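[1] 3D, please:
(4 chains)
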There are 2 protein chains.
Amino acid sequence: MRHLTHLKYIDVVARSGSIRKAAEQLNITSTALNRRILALEEEVGTSLFERLPSGVRLNTAGELFIQHIRLQMTDLSRVLSQIADLSGVRRGHVSLSANPELASSFLPEQIGIYRSQFDAVSFSMLVQSPADSLASLRDFQTDIALIFDSVLPSDVHIAATVEQQVHAFMHKTHPLADRPALRLEDCLAYAVMLPEHDSGLRALLEVGQMQSSISLSAALCSDNFDLLRSYACFEPAIGFCLPMSMHIKPGAGQADDLVCIPVASRDIPAGLVHLLQAKGRVLPVAAAKFLDQLVVTMNGRFPEQTR
Amino acid sequence: MRHLTHLKYIDVVARSGSIRKAAEQLNITSTALNRRILALEEEVGTSLFERLPSGVRLNTAGELFIQHIRLQMTDLSRVLSQIADLSGVRRGHVSLSANPELASSFLPEQIGIYRSQFDAVSFSMLVQSPADSLASLRDFQTDIALIFDSVLPSDVHIAATVEQQVHAFMHKTHPLADRPALRLEDCLAYAVMLPEHDSGLRALLEVGQMQSSISLSAALCSDNFDLLRSYACFEPAIGFCLPMSMHIKPGAGQADDLVCIPVASRDIPAGLVHLLQAKGRVLPVAAAKFLDQLVVTMNGRFPEQTR
DNA sequence: AGCGGCGATGCAAATAATGCATCACGCGGT
DNA sequence: ACCGCGTGATGCATTATTTGCATCGCCGCT
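    Down below sits the predicted model:
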């Protein structure tokens, strides 16, 4: 789209914080971009950026305006998607964001199922912290977010929520591997693997250890969930996860060699996984249909935990 | 706004149903306009208009797209309004629509009050039928609508509703002028003035006459409420109105010579006046503030009738 | 059959956007 | 205190793009 392109330019400038950097990124000269900004500011009647020695930054009016631009862009893509849908082809793009804990298994599986039906639909996924996920929803970078255990602001719409009891995972040769359930104390006899402090799962575990005055000291600590999962094959260590991030049909690789055992809920409270979209936003057909699939799957797969 | 202008062109074409007519209206040649449309259709990838021998008409994709355009335009004006509001000046434009019964007194008074405070805000008012009012809200031609006694669709937001008992009005020299209240039968002894059949008030009166098996035959029938009001000075005839369309501080002219007496509610049911805006739409600051004033005034002036 | 209105299109003129070179300014290192 | 380096702004020539005129083909109406 032509006129949308012009607005996109402004968006890139706002994000990169520099006209020259943005120009390079957009494969045009800084002159043209600068002229565009000046012209736009003239039209609006106010400056939209404040000029700093190191570049530019949005002022209040600019913040208001960039929000409008982003809304326009996403609304246009929604409309184009709907129009494409009129002619029968189901095409489009779905942009997701999720916590690291949730990104590895559930969403890939779901994307696969969806794309087996509509292969003209493409996906992109940002793996980021809950706060960043919410920000991405807010400025329309992503259509749908799946986040774990975070305080939710009022400007998001909750499409579904499932309760997830924390599980311990370990290699199938582990002494505890055949237990039907575990207490937190049981795990302490072995090396423990923990996610980083900014993780929602870590927060939940810390609540658990405070309640039971048990101290969890990590033998291995990482912000990468897959690394922890791999390490379980090399030492009889215990890690923690959510059903959603493990309980999938056995696919390829090491997932088969791991077992996943629920930890007593009186030791560690259950966490909530929320499926979110920006409030008041109408999603493109592809995204709406994928969201619908997620809601149905989540409510179907974890029915007793549905709120 | 430059890029908005281009979209505005499309809107005008859609409304006028002809490229040439639209071009004339926009003071450009039909060639340029035609080219714009073709270019846009190319960008979208589908035709947006169907070409008829008599002109053009939106197809389904076009309907989808024009809705997007209108949303964009109104959202932009909202943003510009908010930006102007940042610098302290309260400027902007408020677009209203109302039934003929409601347009003559209440809204002009309220506009006057508002403009005495913020004279940089301009107003426009469409006087039209409830159905047209709703359509105007829907395609973003108006910000706020005040309509009487109509079935409301679900795509509007009700900002306020007041119950309005039907009143009879007559010249102050009329034999019935000093009664505190009237029965419908009382009115029959005199010439009766009625609005046209498509009016909400007329519908209410017809409910009344069915219930009491009284036949109201109009001595004077008009779609112009002011005409009926004027005529009351020339014959001891009785007309019907709502408190909202009469009970204002005596201004200029003939309103002072008229009296307004409630008709028993067992004869004529009360009607509902709804203050509406398009659902899901964020109003420009000026309109939002005016709407707020209307809500407060309506709830304050007709408190016992508020639902 | 003829007329008038409609949208589409080729071609030239007008208009607007772009790129290059350059300026002025503020920051950070020497 | 200085100079180098980055930033955004601006004058001018070049290049794209848009616009307008004249014209075509089409359809409905008289």
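[2] Buried residues of the lengthiest helix in chain A, list them for me.
    Secondary structure assigned by DSSP state H gives helix A:60-86 as the longest helix of chain A. For helix A:60-86, a neighbour-count test (16 or more other CB atoms under 10 Å in any protein chain shown) marks A:61-62, A:64-85 as buried. Glycine gets a C-beta too; all of them are placed from N, C-alpha and C.
[3] just stretch A:230-241 next, same as before
    A:Tyr231, A:Ala232, A:Pro236, A:Ala237, A:Ile238, A:Gly239, A:Phe240, A:Cys241.
[4] Could you list the residues in contact with that stretch?
    The contact list for stretch A:230-241 (CB atoms under 8 Å, 6 or more residues apart in numbering or on different chains) reads A:101, A:166-171, A:173-176, A:187, A:190-195, A:201, A:205, A:219-220, A:225, A:228-229, A:254, A:257-258, A:260, A:263.
[5] what about the closest residue to chain B within the stretch 201-307 of chain A, which SS state?
    Taking CB to the nearest CB as the measure, the stretch 201-307 of chain A has A:Gly280 as its residue closest to chain B, at 6.4 Å. Under DSSP: H, G, I helix; E, B strand; the rest coil, the three-state class of A:Gly280 is coil.
[6] list the contacts for it?
    Residues in contact with A:Gly280 (CB under 8 Å, 6+ apart) are A:His157, B:Gly280.
[7] Go through the contacts of stretch A:230-241 and flag which are in strands.
    The strands, defined by DSSP state E, take in A:His167, A:Ala168, A:Phe169, A:Met170, A:His171, A:Met193, A:Leu194, A:Pro195, A:Leu220, A:Leu258, A:Cys260 from the contacts of stretch A:230-241.
[8] which of those lies closest to DNA strand D?
    A:Pro195 (36.3 Å; CB to the nearest atom of the strand).
[9] if I pick the closest residue to that closest one other than its chain neighbours, what's in contact with it?
    Spatial nearest neighbour of A:Pro195, excluding adjacent residues (CB to CB, 6 or more residues apart in numbering or on different chains): A:Arg202 at 4.8 Å. For A:Arg202, the contact set (CB under 8 Å, 6+ apart) comprises A:Leu194, A:Pro195, A:Glu196.
[10] let's see 10 Å
    With contacts defined as CB atoms under 10 Å, 6 or more residues apart in numbering or on different chains, A:Arg202 is in contact with A:Glu101, A:Asp149, A:Leu194, A:Pro195, A:Glu196, A:Leu216, A:Ala218, A:Cys221, A:Asp223, A:Phe240.
[11] Separate out the buried members of these.
    By 16+ other CB under 10 Å, the contacts of A:Arg202 give A:Glu101, A:Asp149, A:Leu194, A:Pro195, A:Leu216, A:Ala218, A:Phe240 as buried.
[12] Distance of the residue nearest to the fifth one when sequence neighbours are not counted relative to DNA strand C?
    Which is A:Leu216. Nearest-residue entry for A:Leu216: A:Gln209, 4.9 Å, with adjacent residues in sequence omitted and distances by CB to CB, 6+ apart. A:Gln209 is 43 Å from DNA strand C, where distance means CB to the nearest atom of the strand, to the nearest Å.
[13] doesn't A:Gln209 fall inside a helix?
    Yes - residue state for A:Gln209 (three-state DSSP) corresponds to a helix.
[14] what are the bridge partners for the most centrally placed residue in chain A, then?
    Of all residues in chain A, the one closest to the mean position by CA atoms, centre = their mean is A:Ala98, 1.6 Å from it. Beta-bridge pairing for A:Ala98 (DSSP bridges): A:Val127, A:Leu146.
[15] any chance you could map the helices in the stretch 1-150 of chain A?
    Assigned by DSSP state H, counting those that start in this stretch, the stretch 1-150 of chain A shows helices spanning A:2-16, A:19-26, A:30-44, A:60-86, A:100-103, A:106-117, A:130-138.
[16] Surely A:Thr29 touches A:Ala22?
    No - applying CB atoms under 10 Å, one finds A:Thr29 not in contact with A:Ala22, separated by 11.2 Å.
[17] what does the stretch 1-150 of chain A put close to DNA strand C?
    Remark: the part of the stretch 1-150 of chain A in contact with DNA strand C comprises A:Ile28, A:Thr29, A:Thr31, A:Ala32, A:Arg35, A:Arg36, A:Ala39, A:Pro53, A:Ser54, using CB under 7 Å from any atom of the strand.
[18] related to what we said a few turns ago, now distance to B:Asp139 too, for the helices of the stretch 1-150 of chain A, in a markdown table please.
    A markdown table is the format used below for these (distance: least, CB to CB, whole Å):
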| stretch | distance to B:Asp139 |
| --- | --- |
| helix A:2-16 | 21 |
| helix A:19-26 | 35 |
| helix A:30-44 | 25 |
| helix A:60-86 | 15 |
| helix A:100-103 | 41 |
| helix A:106-117 | 34 |
| helix A:130-138 | 28 |
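[19] Dump those to CSV, plus mean pLDDT.
    Shown next, in CSV, are the helices of the stretch 1-150 of chain A (pLDDT from 0 to 100):
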stretch, mean pLDDT
helix A:2-16, 87
helix A:19-26, 92
helix A:30-44, 92
helix A:60-86, 91
helix A:100-103, 79
helix A:106-117, 89
helix A:130-138, 90
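[20] Quick check: which of the ones you listed is nearest to B:Leu276?
    Among the helices of the stretch 1-150 of chain A, helix A:60-86 comes nearest to B:Leu276, with 22.9 Å by CB to CB.
[21] what angle separates the closest one from helix B:30-44?
    80 degrees (axes from the mean of the first three to the mean of the last three CA atoms, to 10 degrees).
[22] check whether helix A:60-86 contacts chain B.
    Yes - applying CB under 10 Å from any CB of the partner chain, one finds helix A:60-86 touching chain B at A:60-69, A:71-72, A:75-76, A:78-86.
[23] Considering only those residues, which also neighbour DNA strand D?
    Applying CB under 7 Å from any atom of the strand to those, one finds that nothing falls near DNA strand D.
[24] if I look at the nearest residue to A:Val295 once chain neighbours are set aside, how far off is A:Val273?
    Counting by CB to CB, 6+ apart, A:Val295 lies nearest to A:Ala160, which is 4.6 Å off, once chain neighbours are set aside. The spacing between A:Ala160 and A:Val273, counted by CB to CB, to the nearest Å, is 9 Å.
[25] Overlap in contacts, these two.
    A:Leu146, A:Met298, A:Phe302.
[26] Can you tell me which of those residues has the most neighbours?
    Highest neighbour count within the shared contacts of A:Ala160 and A:Val273: A:Leu146, with 26 neighbours (other CB atoms under 10 Å in any protein chain shown).
[27] so who does it touch?
    Residues in contact with A:Leu146 (CB under 10 Å, 6+ apart) are A:96-99, A:101-103, A:106-107, A:110, A:125, A:130, A:133, A:159-160, A:244, A:273-276, A:294, A:298.
[28] Would you list the buried entries among these?
    Among these, those scoring as buried are A:96-99, A:101-103, A:106-107, A:110, A:125, A:130, A:133, A:159-160, A:244, A:273-276, A:294, A:298 (criterion: 16+ other CB under 10 Å).
[29] which ones among the residues of the stretch 1-150 of chain A next to DNA strand C come in contact with DNA strand D?
    Answer for these near DNA strand D (CB under 7 Å from any atom of the strand): A:Thr31, A:Arg35, A:Pro53, A:Ser54.
[30] Closest one of the residues you listed to A:Gln117?
    A:Arg35 (46.1 Å).
[31] contacting residues around A:Arg266?
    A:Arg183, A:Leu184, A:Gly208, A:Gln211, A:Ser212.
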